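# Pasted the sequence and its predicted model underneath.
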Amino acid sequence: MKKNVAIMMGGYSSEYAISLKTGSVVYKHLASEKYNAYKVHIFKDKWVCVTEDGKEFPIDKNDFSVTIDDHKITFDCAFNAIHGTPGEDGHIQGYLALIGIPQTSCGMYQAALTFNKRDLLSTLKPYGIKCATSYYLNAGDAIDEQAIVAKVGLPCFVKANKAGSSFGVSKVHKVEELRNAVAVALKEDDEVIIESFLDGVEVSVGVINYKGNVTVLPITEIVSENDFFDYEAKYLGQSQEITPARISPEMEEKVSKMAKNVYEILKMEGFSRSEFIFKDDEPYLLEVNTVPGMTEESILPQQAQVAGISLPELFGNAVELALAKK
């Protein structure tokens, strides 16, 4: 019997449009001979199942079911394609765990931890994971430009602590630009992380559980046409994403080992994509994404393709692992 799979997409953050694209790609490629796929849009004002003809049917949040034409549909599994909150910060994971529906991403704690850049880096540093020098600010804090520059130097990156897809990120070259960069970050989150600039090769490393084994996918090198790998570079084609990356075997071994180590230290499940920059041939961790993009422009599907894993195999594997947990 076919399994009913709710493909959750949308979300409450600036990333909702990208999430809708990711969800649509998953919906398109999930094997129809094995699964009944349903598009489930999660927004602040509505949770709805959207049918092929565009009709919307409300989700019953009591048991995460939907009734279409007097027929109640319950879901065997939820495929989490929500970037940002509530899909990447632990909220949706906690909700589904409480009502007993397996889902394809990591657990609630891992999602909450990885979504908070400051907490993630603080957790991993004792394990020898190298990170950039950082300075923290919260909404309402006084901004001491001289103290910031003294700690992290210039140029530096100002980032929203809990946001993705490069929303709320600025590269600051002059001290006079700091206040505006902080204001941009605070539009996305009430916490800010300011990091030293690491000048080196940037790579993205996908790590997944594939058929029960923790698997490091081929590494992607990021070459942005812009000042850094910002939203336009990620989604509007203003970058080169080269897989496999043009790095030495020694660098490849180091960053692969570190990415796998991060996955296992955090007791991750499902998909992950970690971003690193090499400084003096040593990888420095920038962040970990637990619901990485799956659009045609996205990095992890490119890596899977190079590894010989098709999108139906990639998505079906995630569903089967989630079902096995139940």
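In hand now; what should we look at? Residues are numbered from 1 along each chain as shown.

# Doesn't residue 305 lie inside a strand?
No - per DSSP: H, G, I helix; E, B strand; the rest coil, residue 305 lies outside any strand segment and is helix.

# shift numbering so it begins at 45
Let's use 45 as the start, then, which means that last one is residue 349.

# Report the contact partners of it.
Residues near residue 349 by Cβ atoms under 8 Å, 6 or more residues apart in numbering: none. (Each C-beta comes from the backbone N, C-alpha and C, glycine too.)

# Point me to the residue sitting closest to the centre of this structure.
residue 333 (3.0 Å; Cα atoms, centre = their mean).

# Contacts only, for that residue.
Contacts of residue 333 (Cβ under 8 Å, 6+ apart): 132, 158, 208, 316-319.

# what mean pLDDT would you report for stretch 151-169?
The pLDDT scores in stretch 151-169 average 96.

# Give me the residues contacting that stretch.
129, 132-134, 137-138, 141, 149-150, 173, 175, 178, 180, 203, 205-206, 235, 237, 306, 309-313, 316, 329, 331-334.

# Only whichever of the residues you listed are buried, select them in ChimeraX.
Those of the contacts of stretch 151-169 that count as buried under 16 or more other Cβ atoms under 10 Å are selected in ChimeraX with:
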select :129,132,133,134,137,149,150,173,175,178,203,205,206,235,237,306,310,312,313,316,329,331,332,333,334
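
# Check the gap between the residue nearest to the centre of the chain and residue 343 for me.
Per Cβ to Cβ, to the nearest Å, residue 333 is found 9 Å from residue 343.

# Same check on residue 291?
From residue 291 to residue 343 the distance is 15 Å (Cβ to Cβ).

# And those two? Which one has more around it.
Between residue 291 and residue 343, residue 343 has the larger neighbour count (other Cβ atoms under 10 Å), namely 25 against 19.

# residues contacting the more buried one?
Neighbouring residues of residue 343 by Cβ under 8 Å, 6+ apart: 248, 250, 264, 285, 287, 317, 336-337.

# make it 6 Å
248, 264, 285 (Cβ atoms under 6 Å, 6 or more residues apart in numbering).

# Looking at those residues, which one is closest to residue 370?
Within the contacts of residue 343, the smallest distance to residue 370 is 30.9 Å, found for residue 248 (Cβ to Cβ).
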